[in-house]
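>>> no sequence on this one, just coordinates:
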């Protein structure tokens, strides 16, 4: 199997129940597919001790970079900081509970031979609640309408970038809209986007905050600001 130099990037908020297992799985995966790697964890002002735990783990392994944000940014700022501090030729971003299976990450990496970005989408309905269905479909529709991006799930929990896609980006969003901002800028520059279908593992520990109203409001605000500033 082809070996890679990879930065694994994990924005993190209150993941004390998950982050040690995520690191264990990531290091095992890296040993299988990497010539060189680093793990960049950006703590988005967690309140459950996650940041202190990662600091402790990073003191034992120089390949783990622990970055602490003093103010919660509702995801966007943490992802931006993680991508900025990623130094390897390929950047793998996923959620800090590691919802993608290792075999799917390996298969997704192979698509980089014909593209510059690989973004995953779920082959099954992840959340059957009417609220989440309406929010997801409505958001992806607006992303297509405003920015012409035909991405099945723009905020999916696995994305892979070649380093050149991220160089020179001046990201403004401090919400999950940051994903759209990256893809819109990449498409404008002519980078090739590949999509990969998989079945994400359901979260069993910790709590996702992406559907909280404060995050939703900030996401739509960032969308409108970016749309009318172009």
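Now that the structure is in, tell me what you want to look at. Since the structure is predicted, the reported quantities are computational estimates derived from the model, not experimental observations.

>>> Would you map the strands across this structure?
4-12, 34-43, 64-68, 90-94, 117-122, 158-162, 193-198 (DSSP state E).

>>> Among the ones you listed, pick out the one with the most neighbours on average.
Greatest average neighbour count among the strands of the chain goes to strand 4-12 (a mean of 24), per mean count of other Cβ atoms under 10 Å. Quick note: C-beta positions are derived from backbone N, CA and C, even for glycine.

>>> contact partners of that one?
Residues outside strand 4-12 that contact it (Cβ atoms under 8 Å, 6 or more residues apart in numbering): 19, 22, 26, 30, 33-44, 46, 50-51, 54, 75, 78-79, 82-83, 86-96, 109.

>>> got it, and stretch 123-140?
Against stretch 123-140 from outside (Cβ under 8 Å, 6+ apart): 151-155, 197-200, 202, 211, 216, 219.

>>> so the worst-scoring helix or strand of the chain on mean pLDDT versus strand 117-122, what angle?
In the chain, the helix or strand scored least confidently by mean pLDDT, DSSP states H and E is helix 130-147, which has a mean of 84. Compare the direction of helix 130-147 with that of strand 117-122 by axes from the mean of the first three to the mean of the last three Cα atoms, to 10 degrees and you get 150 degrees.

>>> Can I get the strands of the chain in TSV including distance to residue 104 and mean pLDDT?
Formatted as TSV, the strands of the chain follow (distance: least, Cβ to Cβ, whole Å; pLDDT from 0 to 100):
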stretch	distance to residue 104	mean pLDDT
strand 4-12	14	97
strand 34-43	17	97
strand 64-68	23	98
strand 90-94	10	97
strand 117-122	7	96
strand 158-162	7	97
strand 193-198	4	96
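
>>> These into JSON lines, with extra columns for distance to residue 131?
Putting the strands of the chain into JSON lines (distance: least, Cβ to Cβ, whole Å) gives the following:
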{"stretch": "strand 4-12", "distance to residue 131": "23"}
{"stretch": "strand 34-43", "distance to residue 131": "28"}
{"stretch": "strand 64-68", "distance to residue 131": "32"}
{"stretch": "strand 90-94", "distance to residue 131": "24"}
{"stretch": "strand 117-122", "distance to residue 131": "17"}
{"stretch": "strand 158-162", "distance to residue 131": "23"}
{"stretch": "strand 193-198", "distance to residue 131": "24"}
